[in-house]
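Chemist: Provided below for reference: sequence and predicted model.
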Amino acid sequence: MIKIYHNPRCQKSREGLGFLEQSGNEYEVIKYLDNIPTKDELRHIIDCLGIKPENLVRKNEAIWKENFRGRLLSDEEILEAMIKNPKLIERPIVVNGNKAVIGRPMDKIETVLE
């Protein structure tokens, strides 16, 4: 089943959810600020995206700038930072099996629906 990691307060995330609604596909909404992904779930998402954990971080968030920017962090430390501060996780993320995209721009979502 298609999953969207969604933050209802984020306009881009709401647009991504709207795109899925219009696609006609079944999907599950995961409000990741309320239902924080586990380390294993984050690893799976990162593997599906084909990126390093650092590339899933919203580096313009105050939490990142104040606590992590400029520090040499291991992948594990970055995963821990995202779990403790889920606002740091990029959004929306759409996962379909072993394929995933960060849905910005929104039309990227289409690439995982096939």
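Modeler: Alright, I've got the coordinates.

Chemist: now the helices for this protein?
Modeler: 11-23, 39-49, 62-67, 75-84, 110-113 (DSSP state H).

Chemist: got a markdown table for those, with mean neighbour count too?
Modeler: Glycine gets a C-beta too; all of them are placed from N, C-alpha and C. Below are the helices of the chain laid out as a markdown table (neighbours: other C-beta atoms under 10 Å):
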| stretch | mean neighbour count |
| --- | --- |
| helix 11-23 | 16 |
| helix 39-49 | 16 |
| helix 62-67 | 12 |
| helix 75-84 | 16 |
| helix 110-113 | 15 |
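
Chemist: same list, the ones you listed, but as TSV with mean pLDDT please.
Modeler: Formatted as TSV, the helices of the chain follow (pLDDT from 0 to 100):
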stretch	mean pLDDT
helix 11-23	96
helix 39-49	97
helix 62-67	96
helix 75-84	98
helix 110-113	95
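
Chemist: so which of those gets nearest Val95?
Modeler: helix 39-49 (5.9 Å; C-beta to C-beta).

Chemist: hmm, Ala81 is touching Leu73, no?
Modeler: Yes - counting by C-beta atoms under 8 Å, Ala81 touches Leu73, with 7.2 Å between them.
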